[in-house]
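K.L.:
Model the structure of this input:
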Amino acid sequence: MITEYMKKDVSNILSVINNAALKYKGVIPDNCWHEPYMSEEELLNEFDSGVRMFGYKKNNILVGVMGIQELKDITLIRHAYTFSTYQGMGIGKLLLQYLFRINKSSILYVGTWKEATWAIQFYEKFGFVTHKRKKTIELLKKHWKVSLTQIENSVVLEK
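P.N.:
Sure, this is the predicted structure:
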């Protein structure tokens, strides 16, 4: 059901990410929105920086993805998306629970857009707590490569 995906699977992973990311259009700042939301080059760079991607297939079609990036003493959850027609069916839950099982560190962080209330609520259901603004900025600058606009418009949650 859930398997690890590699660079050779980039087009399938991107189809899920870019379909699901349409939900962010009009929610995140206009200067942070672009189509496609993630390019092939960006995803390949993520693999090169140590992001491991896992996916969930239904009827032999990849419909959900979620990645992890293991750093020294923490793990980042990266690029969690479910194809729009499969959202709300528990696929994100299954992927997240799988990552909990394989995670080696005691601290998990996830960053998301602060206006993406559905994403924040999803992680809160699993015990994640949103950091205060100062700590969010510190963590985003330390562990993510994102623009200042994205830092201003994001939150970091911890479990």
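K.L.:
Identify each buried residue in the helix or strand bottoming out on mean pLDDT in the chain, please.
P.N.:
The weakest-scoring helix or strand in the chain, judged by mean pLDDT, DSSP states H and E, is helix 148-152 (a mean of 92). Within helix 148-152, the residues scored as buried using 16 or more other C-beta atoms under 10 Å are 150-151. Where you see a C-beta, it was placed from the backbone N, CA and C, and this is true even at glycine.
K.L.:
can you list the residues that contact it?
P.N.:
Contacts with helix 148-152, where a contact means C-beta atoms under 8 Å, 6 or more residues apart in numbering, come from 29, 31-32, 137, 140-141.
K.L.:
who's in contact with stretch 1-12?
P.N.:
Applying C-beta under 8 Å, 6+ apart, the contact partners of stretch 1-12 are 13, 40, 43-44, 47, 52-57, 62, 65, 94-95, 98.
K.L.:
Can you tell me which of the residues you listed has the most neighbours?
P.N.:
When those are compared by neighbour count (other C-beta atoms under 10 Å), V65 ends up highest, at 27 neighbours.
K.L.:
Could you check which helix or strand contains that residue?
P.N.:
In this structure, V65 sits in strand 61-70 according to DSSP states H and E.
K.L.:
Show me how far the helix or strand just after that strand is from its chain's centre.
P.N.:
Once strand 61-70 ends, the next helix or strand along the chain (criterion: DSSP H and E) is strand 75-82. In terms of C-alpha atoms, centre = their mean, to the nearest Å, the centre of strand 75-82 is set 2 Å apart from its chain centre.
K.L.:
and A21, which of the three is it?
P.N.:
When states are read from DSSP: H, G, I helix; E, B strand; the rest coil, the local structure at A21 comes out as helix.
K.L.:
Got phi/psi on the residue lying closest to it once chain neighbours are set aside?
P.N.:
In space, and not counting its chain neighbours, A21 is closest to Y37: 3.6 Å by C-beta to C-beta, 6 or more residues apart in numbering. For Y37, the backbone dihedrals are phi -60, psi -40 (criterion: degrees, to the nearest 10).
K.L.:
Okay, Y37 and K23: tell me how far apart.
P.N.:
To K23, Y37 is 10 Å away according to C-beta to C-beta, to the nearest Å.
K.L.:
And these two? Which one has more around it.
P.N.:
Between Y37 and K23, counting by other C-beta under 10 Å, Y37 is the more crowded of the two (20 against 17).
K.L.:
so what's that one up against?
P.N.:
Counting by C-beta under 8 Å, 6+ apart, Y37 has contacts 17-18, 21-22, 24.
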